[in-house]
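# How does the following fold in three dimensions:
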Amino acid sequence: MLYREGMRAPQFSTAMVLVLAGVVSANVAAAEPKRGDRRITRGAWFQKLDSGLQRTIDGESHKGGHLRVIIRTRSGVDLRGSKAFDRLIEKGHNGRFGLSLVGGVLADVKDEDLEQLANLPDVEGISIDAPVKVHQSASDGCSTWVTGYGTACSDPTSQFFVERGAMGYRSTNWDAWDVGVAVIDSGVSASDDLRITASYDFRSGVAVQAAPYDGYGHGTHVAGLIASSGSHSKGYYQGVAPGAKIIALRVLDSNGAGYTSNVIKAVEFAVANRTSLGIHIINLSLGHPIYEPAANDPLVLAVESAVRAGIVVVVSAGNNGMDDAGVVGYAGISSPGNAPSAITVGTVDHKNTAWPYDDTVAPYSSRGPSWFDGFAKPDILAPGHRLVAPVPSSTKLYQQLVSQRVSAPWGSSAPTTHLRLSGTSMSTAVVSGVVAAMLDVQQLTFNRKMTPNAIKAILQATALPLPNADQLSQGNGRLNMLGALSVARAVNPWMPVGQMWLTSSISNTTWIENQPITWASHVVWGDHIVWGDGLVYNQPLWDTHVVWGDSLPWLGSMTVDPNHIVWGDTTVWVNHIVWGDALLGIVDGTHVVWGDHVVWGDSTDPNHIVWGDLTKGNLTKISSVLGSATSVIGNSVPDDSGLPGDPELAVDPLSAVVPDTPF
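Numbers count the residues shown, from 1 in each chain. Have a look, this model is predicted:
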């Protein structure tokens, strides 16, 4: 299948995969086996399971338990209806629903049947249907006094002025009126601040057309940062692309909780209906911990398929950048932030000013490299700290975060409620808005749009590096809206592959607050940095069938660094890791040992992964005791939908806690 043929293989040997699979369960494996000799006689079937399921088998807590899993099969094979398959999945849940985009099916199984299921010749892999969470965090509290000259929190100028100024472009010439952004999130509430052209709910596993609604508030905030007209805030909190169409695809409940399978269904829907609904961009400000290499991760496969279909997919890096003591750690990238072809976004704290030299990487912003594969992520940083957007007063976030409520500026056309949030979710929305403006420029200038790979390359090459941040923290640097729009306006997408497509010369400097800042002027292609005139030509690499990082030739005068320099100075970060495992991958054929210092997790057990609110002490360990985790899914009061099969009403014993108290 196309989405598998294009995926890049993991960067290590089969032997190393075995090491990685076993390292998280080393303590358990050392103990006396209590479930027969299965641990001793495992075969190739065991490697078809993701690391979470492998830990479940290693442990005792899930004996006889029910698991919600995504089963991927060989191309063109649907096992539902076959006797061998049906007898291994739970009665009454004979394959809840298919996931055609990743060649799989969602099903309920018993852990004791995993071996037989994985041994079926047509089964390629089995993954946890992982709970997903949003990537927003509450901002620090501030005053909400308002005057006719200032905004909430004593901001001396409007957020529009400051945020746009930090990106070098304060005009609204490109409002992205003909560009559609699919916001896959907690829904989007109806507002005359937004152009919501379609709304669907996927929490039952199928697309249900529904009125725009958001019980949590996160999706509306994200949509507002992308495309709010600012009519309710006197323009102070206008979105980056204030004319863009919002296609609301709800996958999360009113606690901000959901499942990977529902996200995949929404992506699948967006791909199938991209022409009829006018979807050009997918915004994914959510994710889950990485359990397996990107080439096997169902959520990554869905994202890669969407990019192959010509949709630009912008995803959040995650908010796993530090522990509760404020110590920064690495390798906290979430899935699908590890998708090679996605634009993975971290957060720059622009200190509420356009001045460029006070910017820093937000401490909570997840750093690279990605788990298992060692991909250099994030790709870029964008403003995302203390950003304001409209959020209905009825939503859970607005009710909980009293200190983050923001009053509309004096003189606004109508009162509405706004909320101030921080996180890579917010940064992702800002990048989606800039991409929408880039596509608008292309459409109005050339009546054609660039491919997702070309968009990503332009964002990387025009980025503005932070002088005191490493590659794994900032990617190529801060988002440069002016530079990106300048290149988009100069690149003619009608030019054939291999030919020069620039219609005018381009400067590699952007002036911000009268300060000249030089662009990164390079592209991180896979695990190499490429310099030269790559943007001058329509590269074969920009084609939609190419997975980011594939080994293909570059045109023009290019310099490719043969070393893995995107990793930077390992002595700086190897002892500061976000996840607790001891190995990540291979660099130049050598195992990378990260030491025993665990920044994120239980320091008494380095095999534990912690996913939750450390500041509040709301911890969930996803380790050999996966099955004993309690989920907020099923413990919440049913919300507005009452959909059959609603995840809010179904307790899943495998689900990790998805905290509704922001980090």
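
# Between the two ends of stretch 206-224, how far is it?
26 Å (C-alpha to C-alpha, to the nearest Å).

# So which bits of that stretch are buried?
For stretch 206-224, the buried set under the neighbour-count rule, 16 or more other C-beta atoms under 10 Å, comprises 207, 210, 212-224. C-beta coordinates here come from the backbone N, C-alpha and C atoms, glycine included.

# what's the offset of that stretch from the middle of its chain?
18 Å (C-alpha atoms, centre = their mean, to the nearest Å).

# Pop the domain breakdown of the protein in here.
2-133, 161-566 (automatic domain parsing).

# Tell me how many other residues surround residue 293.
For residue 293, the neighbour count with other C-beta atoms under 10 Å is 24.

# Please verify my assumption that it contacts residue 375.
No. Using C-beta atoms under 8 Å, residue 293 is not in contact with residue 375, being 10.1 Å away.

# Check residue 563 and give its pLDDT.
pLDDT for residue 563: 61.

# Need the per-residue pLDDT for residue 517.
On the pLDDT scale, residue 517 gets 93.

# Distance check, it against residue 368.
23 Å (C-beta to C-beta, to the nearest Å).

# who has more neighbours, the two?
Higher neighbour count among residue 517 and residue 368: residue 368, with 30 against 20, using other C-beta under 10 Å.

# tell me the mean pLDDT over the helix or strand that contains residue 220?
Using DSSP states H and E, residue 220 sits within helix 218-227. Average pLDDT, helix 218-227: 97.

# chain center to that helix, what's the gap?
15 Å.

# same thing with stretch 466-484?
18 Å.

# and what of stretch 302-320?
7 Å.

# Could you export that stretch as PDB, keeping only the C-alpha atoms?
What follows is stretch 302-320, C-alpha atoms only, in PDB (Å, rounded to 0.1, in the frame of the first residue of the first chain):
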ATOM      1  CA  ALA A 302      -2.900   7.900   8.900                       C
ATOM      2  CA  VAL A 303      -1.000  11.200   8.900                       C
ATOM      3  CA  GLU A 304       1.400  10.000   6.200                       C
ATOM      4  CA  SER A 305      -1.500   8.900   4.100                       C
ATOM      5  CA  ALA A 306      -3.100  12.300   4.400                       C
ATOM      6  CA  VAL A 307       0.100  14.000   3.300                       C
ATOM      7  CA  ARG A 308       0.400  11.600   0.300                       C
ATOM      8  CA  ALA A 309      -3.200  12.700  -0.600                       C
ATOM      9  CA  GLY A 310      -2.000  16.300  -0.800                       C
ATOM     10  CA  ILE A 311      -3.100  17.600   2.600                       C
ATOM     11  CA  VAL A 312      -0.700  19.600   4.700                       C
ATOM     12  CA  VAL A 313      -0.800  18.100   8.200                       C
ATOM     13  CA  VAL A 314       0.300  20.300  11.100                       C
ATOM     14  CA  VAL A 315       0.800  18.500  14.500                       C
ATOM     15  CA  SER A 316       1.900  19.500  17.900                       C
ATOM     16  CA  ALA A 317       5.100  18.300  19.400                       C
ATOM     17  CA  GLY A 318       3.600  17.800  22.800                       C
ATOM     18  CA  ASN A 319       4.000  19.500  26.200                       C
ATOM     19  CA  ASN A 320       6.400  16.900  27.700                       C
END
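
# Only the buried residues of it, if you could.
Those would be 302-309, 311-320, for stretch 302-320 by 16+ other C-beta under 10 Å.

# just to revisit the earlier point, downstream neighbour of the helix holding residue 220 in the secondary structure list?
strand 245-250.

# Neighbouring strands of that following strand in the sheet, and parallel or not?
As defined by DSSP bridges, the strand partners of strand 245-250 come to strand 180-185 (parallel), strand 195-201 (parallel).

# Which other helices and strands does the helix or strand following the last one contact?
Read in the C-terminal direction, the helix or strand following strand 195-201 is strand 208-209, with elements assigned using DSSP H and E. For strand 208-209, the elements it packs on are strand 195-201, judged by 3 or more C-beta pairs under 8 Å, 6 or more residues apart in numbering; DSSP states H and E.

# before we move on, the earlier item: just send the strands paired with strand 245-250 back as TSV, with distance to residue 228, mean pLDDT and mean neighbour count too.
Shown next, in TSV, are the strands paired with strand 245-250 (distance: least, C-beta to C-beta, whole Å; pLDDT from 0 to 100; neighbours: other C-beta atoms under 10 Å):
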stretch	distance to residue 228	mean pLDDT	mean neighbour count
strand 180-185	12	98	29
strand 195-201	10	98	19
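
# so which of the ones you listed gets nearest residue 126?
Nearest to residue 126, of all the strands paired with strand 245-250, is strand 180-185, at 23.8 Å by C-beta to C-beta.

# The lengthiest helix in the chain - what's its average pLDDT?
Ranked by residue count and defined by DSSP state H, the top helix of the chain is helix 424-446. For helix 424-446, mean pLDDT is 97.

# Quick one: the helices in the stretch 401-550 of the chain, in order.
For the stretch 401-550 of the chain, helices defined by DSSP state H, counting those that start in this stretch occupy the ranges 424-446, 452-462, 471-474, 481-490.
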